[in-house]
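Undergrad: mind looking at a prediction? Sequence and model below.
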Amino acid sequence: MSENVSSETVSPENVLPEDWAVPEITELNQAWFSSETVTVQACAACETLQHPPEEICHRCGSMELGSRTLSPTGTVHSYTVVHYAVNRALADSVPYAVVLVSLDDAPELRVIGNMPGVPISDLEIGMPVEAIWEPRTVDDTTTVHLPQWQPR
Amino acid sequence: MHGAAVVVGVGESTYYKRGGSPNTEFQLACTAIRRAVEDAGLSMSDVDGFTSYMDRNEPVRLSAALGTGDLNFTGQTFGGGGNGAGAAVTLADAAISAGYAECVVVFRALAQGQFHRYGQAGRPRRARGASAYTSPYGMLSAAQTTAMQTMRFMHDHAVTQDSLAEVVLASFEHAQHNPRAIRYGTPLTREQYHESRWIAEPFHLYDCCPENDGAAAIVVTTPERARDLDTTPVSIVAAAHGLEHRDGVRAFGEANFPTAHHRHVGTKLWERAGVGPEDIPVAQFYENFTGPVLMAMAEMGFCAPDQLNDFVADGNIQFGGRLPINTSGGNLGEAYIHGFGNVVEAVRQIRGDSTRQVVGAELSLSVSGPGYAPGSAVLFGKV
């Protein structure tokens, strides 16, 4: 925790409801949400990495875009602890933390996630983390593997 | 464009807590616009343009209902959020300066008691597009987004919780002098601030703008036209609306994270105005949340980020201090009309009719929508 803030409540779970929103899987985001690896978009022309995936390379403008699997490790760059549930369905989940993780292999790439099971009071900026994947099944058909984070 | 357009009228509806308005949002819009036009000493038939941002009350409907003249210009800005407050003024300034229109009303009407509440979020089972990367993680509101920026900003620059409090205390103190303010008569102490519940750390309840119902408007015209009016014209000295390359990209991917997206806006504004932050005696900073106000203050050049704790302490941002901010009570104390009240108040400081009037203010700054890109800012001054 930053010395500026204090978190009075420790949520041992720090997880959102099983039936909370899941990403709609598209061709663009499939690798990120289904592969159970930290796989980001890589431009086929100039090799620039970008996340979230885009329809065009932000560096060279190429529309030929591939992917690259990176080390599943990163650092907590920032976070917030949400205490107020902006939707009633989250009322039993607060407080929960949302973290912004900077990837070790590409620190300029940042990803948003939670740290399920980790006490909120353990969180701090600069904390080394590694990815885990949280399976969520939608309509008994699609399984999404949400990238999440744990201390390492 | 410097001084090529002037503000000749301001108007507000009564401001209400969310759900408290006896009038519809459209009626509130009409009331604020009528009052602004009347304040200018113009006829509704003189109005030939409308600009706004994220507004539901379209010029077609307004024009028919209010009896304006034929319209020569209408426009809204891209980009979410209150950054549009300054940007909509920029559009009006551009329309007047280019000669497309002669009398443009800039307005914003927002009744959160009648439509979507900004502090609430829906419950999509499947999150699409950009929200696929945020909603599944419970990242859903502006408070949470700006909290993420602010947490890192406080960490990098040792900004204290007490400095966030200073923004709140300034707005609430100033609201005690403004009978239009929803918080008029309900002051706030530092202790009450710190004891208030968390919304999204590092934001307490009072760091967050309220949800209100109301409307506000200004009338912009040419300096020539203003000469015939029995009102104090206020010059749009300079305006800026834009972003630094990659500001606001998804997943906080800008290289300069955390940013309020006002570095570029600040550079352009001072360059166009030919003055600097040291020349500014009073400013309105859109308070969606307190953290972005402090970030914008630094990015607009008022002090280095590492000096913020000192810059805002000891009453320096309250009336009588170095830079009084949000002198009407702002979004936190007067009303949250998506930041357009801050624009109106910046104009009032030049007219001399603020309830916390900075005597002899020759320049008056309004900074809109920090934390979201593009940013915007308008500098008003005496004609």
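TA: Received it, and whenever you're ready, just let me know what you need.

Undergrad: what are the ranges of the helices in chain A?
TA: A:30-34 (DSSP state H).

Undergrad: show me where chain A has strands.
TA: A:22-23, A:38-43, A:49-50, A:65-70, A:73-82, A:96-103, A:106-113, A:128-138, A:142-151 (DSSP state E).

Undergrad: repeat for chain B
TA: For chain B, the strands defined by DSSP E occupy B:6-12, B:16-17, B:49-52, B:73-76, B:103-111, B:126-127, B:198-200, B:203-204, B:212-221, B:234-242, B:283-285, B:363-368, B:375-382.

Undergrad: the second one - what's its average pLDDT?
TA: Rounded to a whole number, the mean pLDDT of strand B:16-17 is 96.

Undergrad: now for chain B, the helix or strand with the poorest mean pLDDT.
TA: Lowest by mean pLDDT, DSSP states H and E among the helices and strands of chain B is strand B:126-127, with a mean of 90.

Undergrad: ok, is that strand in contact with chain A or not?
TA: Yes: using Cβ under 8 Å from any Cβ of the partner chain, strand B:126-127 reaches chain A at B:126-127. Every residue, glycine included, has its C-beta placed from N, CA and C.

Undergrad: centre-most residue in the chain?
TA: Answering for chain A, as no chain was given. Against the mean C-alpha coordinate of chain A, by Cα atoms, centre = their mean, the closest residue is A:Gly113 at 3.0 Å.

Undergrad: actually it's chain B I care about, not the one you picked
TA: Note: chain B centre (Cα atoms, centre = their mean) maps to B:Gly339, 3.1 Å.

Undergrad: poorly predicted segments of chain A, please.
TA: By pLDDT under 70, the low-scoring segments of chain A are A:1-13.

Undergrad: how about the contacts made by residue 130?
TA: Looking at chain A here, since you left the chain open. The contact partners of A:Glu130, by Cβ atoms under 8 Å, 6 or more residues apart in numbering or on different chains, come to A:72-74, A:149-150, A:152.

Undergrad: oops, chain B please
TA: A:52, B:250.

Undergrad: the closest residue to B:Gly185 other than its chain neighbours: neighbour count?
TA: Nearest residue to B:Gly185, sequence neighbours excluded (Cβ to Cβ, 6 or more residues apart in numbering or on different chains): B:Gln176, at 7.2 Å. For B:Gln176, the count of nearby residues is 17 (other Cβ atoms under 10 Å in any protein chain shown).

Undergrad: quick one: B:Gln176 from chain A, how far?
TA: Distance of B:Gln176 to chain A, given as Cβ to the nearest Cβ, to the nearest Å: 27 Å.

Undergrad: that residue: what's it in contact with?
TA: Neighbours of B:Gln176 in contact, by Cβ under 8 Å, 6+ apart: B:183-185, B:187, B:329.

Undergrad: would you turn the residues you listed into CSV with neighbour count?
TA: Formatted as CSV, the contacts of B:Gln176 follow (neighbours: other Cβ atoms under 10 Å in any protein chain shown):
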residue, neighbour count
B:Arg183, 21
B:Tyr184, 17
B:Gly185, 9
B:Pro187, 13
B:Gly329, 29
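
Undergrad: ok, so of the residues you listed, who is nearest chain A?
TA: B:Arg183 (20.0 Å; Cβ to the nearest Cβ).

Undergrad: wait, that closest one sits on B:Asn331?
TA: No: with contacts counted by Cβ atoms under 8 Å, B:Arg183 stays clear of B:Asn331, the gap being 10.7 Å.

Undergrad: hang on, the earlier thing: mind putting the strands of chain B in CSV, mean neighbour count included?
TA: Shown next, in CSV, are the strands of chain B (neighbours: other Cβ under 10 Å):
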stretch, mean neighbour count
strand B:6-12, 26
strand B:16-17, 17
strand B:49-52, 28
strand B:73-76, 19
strand B:103-111, 28
strand B:126-127, 18
strand B:198-200, 25
strand B:203-204, 24
strand B:212-221, 30
strand B:234-242, 24
strand B:283-285, 30
strand B:363-368, 28
strand B:375-382, 28
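
Undergrad: give the burial count for B:Lys268, as a bare number.
TA: Every residue meeting other Cβ under 10 Å relative to B:Lys268 is counted, giving 16.

Undergrad: could the strands of chain A be laid out in CSV, adding distance to B:Lys17?
TA: Shown next, in CSV, are the strands of chain A (distance: least, Cβ to Cβ, whole Å):
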stretch, distance to B:Lys17
strand A:22-23, 36
strand A:38-43, 46
strand A:49-50, 44
strand A:65-70, 49
strand A:73-82, 24
strand A:96-103, 29
strand A:106-113, 33
strand A:128-138, 39
strand A:142-151, 38
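
Undergrad: which of those strands sits closest to B:Val378?
TA: Among the strands of chain A, strand A:73-82 comes nearest to B:Val378, with 30.3 Å by Cβ to Cβ.

Undergrad: helices or strands next to that closest one in the packing?
TA: Strand A:73-82 sits against strand A:96-103, strand A:106-113, strand A:128-138, helix B:142-157, strand B:198-200, with contacts defined as 3 or more Cβ pairs under 8 Å, 6 or more residues apart in numbering or on different chains; DSSP states H and E.

Undergrad: one step back: and the pLDDT at the residue nearest to B:Gly185?
TA: On pLDDT, B:Gln176 comes in at 98.

Undergrad: double-check B:Val343 against B:Ile218; I have them as touching.
TA: Yes: counting by Cβ under 8 Å, B:Val343 touches B:Ile218, with 6.6 Å between them.

Undergrad: overlap in contacts of those two?
TA: Joint contacts of B:Val343 and B:Ile218 (Cβ under 8 Å, 6+ apart) are B:89, B:106.

Undergrad: which residue packs closest to the residue lying farthest from the centre of chain A, ignoring adjacent ones?
TA: In chain A, A:Ala45 marks the outermost C-alpha relative to the chain mean, sitting 26.8 Å out by Cα atoms, centre = their mean. Once flanking residues are discounted, A:Ala45 sits nearest to A:Ser62: 3.8 Å by Cβ to Cβ, 6+ apart.

Undergrad: try B:Lys382
TA: Spatial nearest neighbour of B:Lys382, excluding adjacent residues (Cβ to Cβ, 6+ apart): B:Glu362 at 5.4 Å.

Undergrad: please apply the same query to B:Asp306.
TA: Closest to B:Asp306 by Cβ to Cβ, 6+ apart is B:His157, at 5.2 Å.

Undergrad: what of B:Pro124?
TA: That would be A:Ala21: by Cβ to Cβ, 6+ apart, it lies 5.1 Å from B:Pro124.

Undergrad: B:Val234 is nearest to which of the helices and strands packed on strand A:73-82?
TA: The minimum distance between B:Val234 and the helices and strands packed on strand A:73-82 falls on helix B:142-157, with 30.0 Å, by Cβ to Cβ.

Undergrad: picking that back up, show the pLDDT at the residue nearest to B:Lys382.
TA: At B:Glu362, pLDDT is 97.

Undergrad: and the one 5 residues further on, by the same measure?
TA: The predicted structure scores B:Val367 at 97 on the pLDDT scale.

Undergrad: ok, it touching B:Gly301?
TA: No: using Cβ under 8 Å as the test, B:Val367 is too far from B:Gly301 to be in contact (11.1 Å).

Undergrad: what separates A:Pro107 from B:Lys268, distance-wise?
TA: 30 Å (Cβ to Cβ, to the nearest Å).

Undergrad: ugh, wrong one, I meant A:Val82
TA: 35 Å.

Undergrad: over to B:Val167?
TA: 24 Å.

Undergrad: how about stretch A:92-102 as PDB, C-alpha atoms only?
TA: The C-alpha coordinates for stretch A:92-102 follow below in PDB (Å, rounded to 0.1, in the frame of the first residue of the first chain):
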ATOM      1  CA  ASP A  92     -20.900  -8.800  -2.300                       C
ATOM      2  CA  SER A  93     -17.500  -8.600  -4.100                       C
ATOM      3  CA  VAL A  94     -16.300  -5.200  -2.800                       C
ATOM      4  CA  PRO A  95     -13.800  -4.400  -1.800                       C
ATOM      5  CA  TYR A  96     -11.800  -5.800  -4.800                       C
ATOM      6  CA  ALA A  97      -8.600  -4.600  -6.400                       C
ATOM      7  CA  VAL A  98      -7.900  -3.900 -10.000                       C
ATOM      8  CA  VAL A  99      -4.300  -3.900 -11.000                       C
ATOM      9  CA  LEU A 100      -2.400  -2.400 -13.900                       C
ATOM     10  CA  VAL A 101       0.500  -4.700 -14.700                       C
ATOM     11  CA  SER A 102       3.500  -3.700 -16.800                       C
END
